[in-house]
Every structure is written in C-alpha cells, then in structure tokens.
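In: curious how this folds, go ahead:
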Amino acid sequence: MKFQIEGKDKGSKARAGQVITGHGSFLTPMFMPVGTAGTVKAVHQRELKDDIKAQIILSNTYHLYLRPGLDVIEKAGGLHKFMGWDRPILTDSGGYQVFSMSEIRKITEEGAVFRSHIDGSKHIFTPENVIDIQRVLGSDIMMVLDECTPFPCEYAYARQSLDLTNRWLLRGLEHFNKTEPKYGHFQELFPIVQGSVYKDLRLQSATFAAELNCSGNAIGGLSVGEPAEEMYAMIEVVNSILPEDKPRYLMGVGTPANILEAIALGIDMFDCVIPTRNGRNGMLFTSEGVLNMKNKKWEEDFSPIDPNGFTFVDMQYSRAYLRHLFHYHEILAAQITSIHNLGFYLWLVSEARNHILQGDFIVWKNEMMKKVSIRQ
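Out: Numbers count the residues shown, from 1 in each chain. Just a heads-up that it's a prediction; the model follows:
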C-alpha cells in the first residue's frame, strides 16, 4: 500500500493525500460508509458509487464471520465478489462488537471468548484467527484484535488492557507475516492505538505501534462516551507520535463537527454509523445544520431538504415529502436519508480536502463548524 501526501494546511495539522490499495485508490481525508454485513443499510451499491461517490467502505468481521459464514464468502471468491463491490474495503477485527457485549464474552490471554448474539453458540477470537478470517474476507485493509476499554475506565484497568492489546498486536502481526492473501491482491494490517483518556498510555501505545512500521495506524477506544474535548486531546497526543508518512484512521467517529476537528488534528480516515443509523430515525445532515425530519414543522415545507440545494439522491425531494414518508413509516424515507447523509459526509471531507489544497482550510473549517452544529 502506498500513501502520498499531496498537500498540508498551514493553519492546522490537516493534510490531503491518496492511499493506493489492491482495489484502487482513495483520496484523503476520507469517510468510509459502514457496510456491517456486506451491505450499507438501505443503499444499493450503484448508489454508493454514483450518488454517494464512496471510494472505500468498511465491513465487520464479527457479523460476517457469524453470518453468512466464511465458507460462503470463500466460495464466492471473497467479500468483494460476494457483495459486488470492486473498490477498497476495510474490515475491523470484530473486537469492538465482542467487547461491547460484556455480558456474553470473556477476555483471556488467548483471546476473546464470546457467545453469538444469533444463537448463543460459543466462539473465540484470537489475534491469529482474526487474521485468518480477514484473509478469507479479502479486505484491502485489516485490523488487529484489540481490547476497546469503556469510558469511564480506571487507570489500572486501562494499563492492563493496553498491555494485553500490545501482546495481541505482536501475535497478530507475526501471524499476518506468515500468511498470504487468498485472492491475488495485497492486504495491509493496521495496529490500533488504545489507552483510554490517559496521556501516558496513549503515548506508550502510539510509540509501540509506530515502531512496528506498518502501512498505516488506527486510533481506537475514542467516541465511547468521553467528552469531545478529551477525545481531541487524545488525538493530538497520539498524532504527535504516529508517523506523518502513514495514514491515520480514527475508528468510529463521528459527527460532522467531530470529523472537521479531527481532520484539523491530522486524521486521514473515518467511519461511523451515525449518517445511516441516525438517518433511518429521521436525522438529516445538511449544509446549514441538522434537521429532525419527523417534526411537524416540516409538514408544509416544500423547500429542498438541503437549504443550499445539495442533494445526493437521484431526485430532489422536499422536506414535506420526506416528513410524510417518515410519518407513514415508508422504507423510502430510510433510503433517502441514508443516501443523502452519506453523500453529505463524503461531500464534507471532499470539501475539506479542497480547502487544504487551496490553503484556507482552517478558515473554512471554522465557518462550517458553526453551521453543522445547528439543530433545527
């Protein structure tokens, strides 16, 4: 994998680049739509490409491992062929899903033992077998197994967890180097920086990850309930250590405001379920703020859903029509909001990139922060 930095902002740590993978390249900063089970909910692959203009998506190891299972995906020739997607895919390790289900999992030195949320069957994820699973999936960028600590988290537990994560990282990387891709394209492995909201632990984790000289690095364990200011502080600490010539991926973040702030701190890649999950519940992200489309105030508002005319679906719909669809629980409501929200997120990072290259990112970002934080 290659990462080329094409421009840097003078007023912040923001940078614009390009990542080249086995299934083509994508520009940074980049937001990755979340296709948990090999599909971005309510969005067709054609819409992902043509309307949303997604250059890379994320899929989930845990869910695909359980259903449809590795045998099916391997027989299909890997996840790209199984879901009909010919652009890059990043897969997480499945660790976050395991660790978020504290009542049905147990952490050991060997790995994470858990019970399926589908049928209660017992499974284990180890640093080695999550590499094997992602080899079968055939994703372009793979994640190591880590432990994502909750917030708040006692310092002693955060340190103990980080030590375990680092041991798992070494095991996973060793197994990665011993195995080969299955489908003729190269795959890359990213370490994940942890350490909760403790500066010394984050510095230790970032240093440990950076010294391994992998193709890129991820930052995990944030956006789990901590105040936004603490998240930004940890990003700044970690990015002071992570190498500039490798892409930096902030996992599971976030709102448009979170993304803009993180770009200014030097983050290149993002993913989050907010645009689709919140969209299915009536939240619409626009260039002038966030709209709750279930509100009665839109009942006779026939203006476009975005006040500046931005639309990322194949037709321009009014706020009144979209509110009507939600009121009657029509599936089209979820489709329109999911496509629009993802399109807006991709537009936002694309505009950020343009302003980085133009040299006025920080001015544009400060103005956009005011707009995207408004709720209507």
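In: what kind of secondary structure is residue 82 in?
Out: For residue 82, the assignment made with DSSP: H, G, I helix; E, B strand; the rest coil gives helix.
In: how much space is there between it and residue 359?
Out: Distance of residue 82 to residue 359, computed by Cβ to Cβ, to the nearest Å: 43 Å. For glycine as for every other residue, the C-beta is placed from the backbone atoms N, C-alpha and C.
In: who's more crowded, these two?
Out: Neighbour count, other Cβ atoms under 10 Å: between residue 82 and residue 359, residue 82 has more, with 18 against 13.
In: give the contact list for that one.
Out: Going by Cβ atoms under 8 Å, 6 or more residues apart in numbering, residue 82 touches 38, 72-73, 76.
In: repeat the analysis, applying 7 Å as the threshold.
Out: Contact analysis of residue 82 by Cβ atoms under 7 Å, 6 or more residues apart in numbering lists 38, 73, 76.
In: just give me the neighbour total for the last one.
Out: So the one you mean is residue 76. In terms of burial, residue 76 registers 16 neighbours under the definition other Cβ under 10 Å.
In: so what's it up against?
Out: Applying Cβ under 7 Å, 6+ apart, we find residue 76 in contact with residue 82.
In: how close does it get to residue 135?
Out: Residue 76 sits 15 Å away from residue 135 when distances are taken as Cβ to Cβ.
In: also the second one?
Out: Taking Cβ to Cβ as the measure, residue 73 falls 11 Å from residue 135.
In: for residue 329, same thing?
Out: Using Cβ to Cβ, we find residue 329 at a distance of 41 Å from residue 135.
In: name the residue in the two with the higher neighbour count.
Out: residue 135 (21 against 8).
In: was I right about that one contacting residue 185?
Out: No - the pair residue 135 and residue 185 does not pass the contact test of Cβ atoms under 7 Å, sitting 11.5 Å apart.
In: for the nearest residue to residue 92 once chain neighbours are set aside, which residues are in contact?
Out: Take residue 92 and drop its neighbours on the chain: the residue closest to it by Cβ to Cβ, 6 or more residues apart in numbering is residue 143, 4.8 Å away. Applying Cβ under 7 Å, 6+ apart to residue 143 gives the contacts 91-93, 190, 192, 218.
In: the same query, at a cut-off of 6 Å, please.
Out: By Cβ atoms under 6 Å, 6 or more residues apart in numbering, the contact set of residue 143 is 92-93, 190.
In: show the pLDDT at the residue nearest in space to the middle of the chain.
Out: With distances taken as Cα atoms, centre = their mean, residue 271 lies nearest the centre of the chain, 1.8 Å away. What the model reports for residue 271 is a pLDDT of 98.
In: how much space between it and residue 49?
Out: According to Cβ to Cβ, residue 271 and residue 49 sit 18 Å apart.
In: residue 323 - nearest residue in space that isn't next to it in sequence?
Out: Nearest one to residue 323, counting by Cβ to Cβ, 6+ apart, is residue 298 at 4.1 Å.
In: residue 166 too?
Out: Residue 166's closest residue in space is residue 208 (Cβ to Cβ, 6+ apart), at 5.5 Å.
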